[in-house]
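> Whatever this is, show me its structure:
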Amino acid sequence: MSVSNTQSSRRFTRQSNHRGRKVAASLFVLQSLAQFAPSGHAQEAPAGNVKRGGVIRYGHFQEPACLFGGWVQQWYLQRQYSDNLVARSEDGKIVPWLAESWTISDDKKVYTFEIKPNVKFTDGTPLDAQAVADNINGWLSNDPDLRNPTAAPYLSDSFESARAIAPLRLQVTLKAPFQPLLNVFAQSSQGILSPSALKRGLAVNCENPVGSGPFIVDKWRHGREVTFRRNPEYNSAPATAKHQGPAYVDGISWKFLPDQTVRYGSLITGETDAIYDVPAIAWKDANSRFPVLRHLTGGTPLRLALYTARPPFDDVLVRKAFAYSTDRKAAVDTSFLGSLPFEGNGALSQSSPEYLRELGQSYAYDIRKANQLLDQAGWTERNPNGVRVKNGNPLIVRISYSYAFLKPDGEQALQVIQQQARAAGFDVRLQPTNPADFFAGKNLGPNDYEIVLLYWVAPGAEIFRISWKPDQKGEPNRFNPSRFQDPALWELIQKAEQDFNSAERTGLYQQAERKIVDEAPVIGLTVLDVTLATTPRLKDVWLDHGSVGEPVFYDAHFDEKK
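Reported below is the predicted structural model:
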């Protein structure tokens, strides 16, 4: 049911005032907790030998349904207990991990990896070339116990086989060149798991996965925590690590603390040693008293995906009108209190190597232009509530979203957008959905939404293959919620990913990037960042650069000082 501008404004004011009271209350709680806080936050290099022992008490935000899979919240966990074939350094270079070295054939279709010797999974199974081949072949199979929801969309078109040609020599053969292959192998969701353990089935492995990493999954107490214990035999750290051999700490208590005030307060009071996702309200305070790490993920930003397969967003004029009708920068600044940057480039995250900075302010707020575009598109009438009408149909836009992809602070940004778009004649309706229902497809059917809020992380523009691959052989690309299918765009993407010349490949991806922004099937909102605040006593925590920015506790240790 539509509501008038006046009613909508009053509702928004009440919501804003309610949030203001919540913010004030949170500030009071945080300020009250501050009296218990340790002072100082400088990280100094430890003198002499590194102290060993202790358990890191870590406060995380969201709990997944399985300890590995395609969602970033699962990647954070998998990074602790599994190793990858290769790693990605901070400057984007691919460096050794389980593979000590590799060669690529002249036709770019055959990769030969030399696997590190004397590595075992924590169940005793040898980690050899056959074990890695079993993993990769399983990722691309139809076996639900083995199929990898992240690797398959990248590799299904190009992959031919993975086989052991010697005990420690792996050969991966492709049907066609795919330059991002090593970037895909560096992502934590492609961590190598024990083939022996995988035979137990998905239900068992979700609960107790087995890798070869620095930590072993000890117990998952659902709704509370996952406990990890140190792998005393660990000998396969990546080239990006600060040391080799077993981890310094005895383990990790990975606590699930979904309330952001409770989570940040636990660090202040000393109940945790590190926390994930510093809340916007505490951003300045955290940076003044704690070491804070931050990583902006590559791939796509947090963006609004507009359903282009039916009205109203099958018309590019209406898509652009919606973008111009909302001051998304102000919405982001207001919602996240300046702690997150606005991102107007809906095609690509600003930390991706191919990112075009001039597209970062695309579709700046311009209500006059929004109204002109809607008039041009034939939405010239308005009903008594001020909503535009065409052929008897009101201009209703439903936005589906979930906290699986949106931080708690971000809901106000959607409320601001809802209010602003009304001035141009859009009737925006918000459809919040809990993560379990969202992943099950609620509010995501072809007739359930006009906009969905999503991201997909990756090192860079190779994400275009997942986001913009056209439907093939009657099978829809479920990773393309915009349903935008442009043969010219897909041709550019395929050319780019088969080009091993860095400058040429970047140029092709940037042509695709411009085309996406110009056609506006997605509209940028903000970035996905990974933040970590730690107690000053906890040293050498770092964030992985495979794509997600997972916290890495392998090198971490406690200072001798109390």
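
> Just want the most central residue of the chain.
residue 457 (4.2 Å; CA atoms, centre = their mean).

> quick one: contacts for that residue?
Counting by CB atoms under 8 Å, 6 or more residues apart in numbering, residue 457 makes contact with 72, 297-300, 349, 463, 528, 547-548. From N, CA and C alone the C-beta is placed, and that goes for glycine too.

> got TSV for those, with neighbour count and distance to residue 271 too?
Output for the contacts of residue 457, formatted as TSV (neighbours: other CB atoms under 10 Å; distance: CB to CB, whole Å):
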residue	neighbour count	distance to residue 271
72	24	25
297	24	28
298	30	33
299	23	34
300	29	35
349	29	33
463	27	37
528	25	27
547	30	31
548	26	26
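
> quick revisit: how far away is the residue nearest to the centre of the chain from residue 502?
According to CB to CB, to the nearest Å, residue 457 stands 22 Å off from residue 502.

> Please apply the same query to residue 367.
Applying CB to CB, one obtains 42 Å for the distance of residue 367 from residue 502.

> ok, now residue 109?
19 Å.

> Excluding residues flanking it in the chain, which one is nearest residue 141?
Once flanking residues are discounted, residue 141 sits nearest to residue 147: 5.9 Å by CB to CB, 6 or more residues apart in numbering.

> backbone phi and psi for the one you found, please?
The phi/psi pair for residue 147 (degrees, to the nearest 10) reads phi -60, psi 140.

> how many neighbours does it have?
15 (other CB atoms under 10 Å).

> Tell me who's in contact with the closest residue to residue 462 other than its chain neighbours.
Sequence neighbours aside, residue 180 is the residue nearest to residue 462 in space, at 3.7 Å (criterion: CB to CB, 6+ apart). With contacts defined as CB under 8 Å, 6+ apart, residue 180 is in contact with 154, 459-460, 462, 465, 497.

> could you redo the last one with a cut-off of 10 Å?
By CB atoms under 10 Å, 6 or more residues apart in numbering, the residues touching residue 180 are 154-155, 158, 186, 458-463, 465, 496-497, 505.

> Tell me how far it lies from residue 444.
27 Å.

> Equivalent analysis for residue 58, please.
In terms of CB to CB, residue 58 sits 32 Å off from residue 444.

> The two - which one has more neighbours?
Legend: neighbour count by other CB under 10 Å for residue 58 and residue 444, higher for residue 58 (27 against 19).

> Now do residue 490 against residue 140, distance only.
21 Å.

> okay, these two: which has more neighbours?
A count of neighbours by other CB under 10 Å puts residue 140 above the other of residue 490 and residue 140, at 19 against 16.

> residues in contact with that one?
Counting by CB under 10 Å, 6+ apart, residue 140 touches 146-148, 151-152, 154-156, 159-162.

> swap the cut-off to 7 Å and go again
Residue 140 makes contact with 152, 155-156, 159, according to CB atoms under 7 Å, 6 or more residues apart in numbering.

> What of residue 359?
Counting by CB under 7 Å, 6+ apart, residue 359 makes contact with 344-345, 513, 517.

> now swap in residue 371 and tell me
residue 424 are the contacts of residue 371 under CB under 7 Å, 6+ apart.

> So it, which state does it fall into?
helix (DSSP: H, G, I helix; E, B strand; the rest coil).

> per-residue confidence for the closest residue to residue 191 other than its chain neighbours?
Of all residues not flanking residue 191 in the chain, residue 82 sits nearest, at 3.0 Å (CB to CB, 6+ apart). pLDDT, residue 82: 98.

> if I pick residue 82, what's in contact with it?
By CB under 7 Å, 6+ apart, the neighbours of residue 82 are 191-193, 211-213.

> could you dump the residues you listed to TSV with distance to residue 169 and pLDDT?
TSV is the format used below for the contacts of residue 82 (distance: CB to CB, whole Å; pLDDT from 0 to 100):
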residue	distance to residue 169	pLDDT
191	21	97
192	16	98
193	20	98
211	21	98
212	18	98
213	23	98
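
> How about residue 127, nearest residue that isn't a chain neighbour?
residue 119 (4.2 Å).

> Quick check: that neighbour vs residue 131, distance?
9 Å.

> Which strand residues bridge the closest residue in space to residue 434 that isn't next to it in sequence?
Sequence neighbours aside, residue 402 is the residue nearest to residue 434 in space, at 6.8 Å (criterion: CB to CB, 6+ apart). Taking DSSP bridges as the rule, residue 402 bridges to residue 433.

> Now for residue 402: which residues touch it?
Residue 402 touches 433-435, 438, counting by CB under 7 Å, 6+ apart.

> List buried residues within the residues you listed.
433, 435, 438 (16 or more other CB atoms under 10 Å).

> Let's have the contacts of residue 457 in TSV, adding pLDDT and secondary structure.
Formatted as TSV, these follow (pLDDT from 0 to 100; DSSP: H, G, I helix; E, B strand; the rest coil):
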residue	pLDDT	secondary structure
72	91	helix
297	94	coil
298	94	coil
299	95	coil
300	96	coil
349	96	coil
463	97	helix
528	92	coil
547	82	coil
548	90	coil
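
> closest to residue 360 among these?
Nearest to residue 360 among these is residue 349, at 10.3 Å by CB to CB.

> Would you confirm that the closest one contacts residue 302?
No: Residue 349 is beyond contact range of residue 302, at 8.9 Å (criterion: CB atoms under 7 Å).

> which residues do the two both contact?
Common contacts of residue 349 and residue 302 (CB under 7 Å, 6+ apart): residue 527.

> Retrieve the pLDDT associated with residue 409.
80.

> do the same with residue 46
So residue 46 comes in at 42 (pLDDT).

> Tell me how many other residues crowd residue 272.
Neighbour tally, residue 272, other CB under 10 Å: 25.

> Any figure for the gap between it and residue 221?
Applying CB to CB to residue 272 and residue 221 gives a distance of 16 Å.

> So for residue 109 and residue 502, which sits in the more crowded spot?
Using other CB under 10 Å as the criterion, residue 109 and residue 502 rank with residue 109 on top: 16 against 10.

> Skipping its backbone neighbours, what lies nearest the more buried one in space?
Residue 109 sits nearest to residue 174 (CB to CB, 6+ apart), 4.7 Å away.

> returning to what we had before: and the residue nearest to residue 127, what does it touch?
98, 127, 212, 235-236.

> If we only consider the residues you listed, which is nearest to residue 104?
Closest to residue 104, out of all of the contacts of residue 119 and judged by CB to CB, is residue 98, at 17.3 Å.

> Quick check: buried residues in the host helix or strand of residue 332?
Residue 332 belongs to helix 328-336 when assigned by DSSP states H and E. Judged by neighbour count using 16+ other CB under 10 Å, the buried positions of helix 328-336 are 328-329, 331-336.

> ok now stretch 512-519, how far from the chain's centre?
Centre-to-centre, stretch 512-519 and its host chain are 22 Å apart (CA atoms, centre = their mean, to the nearest Å).
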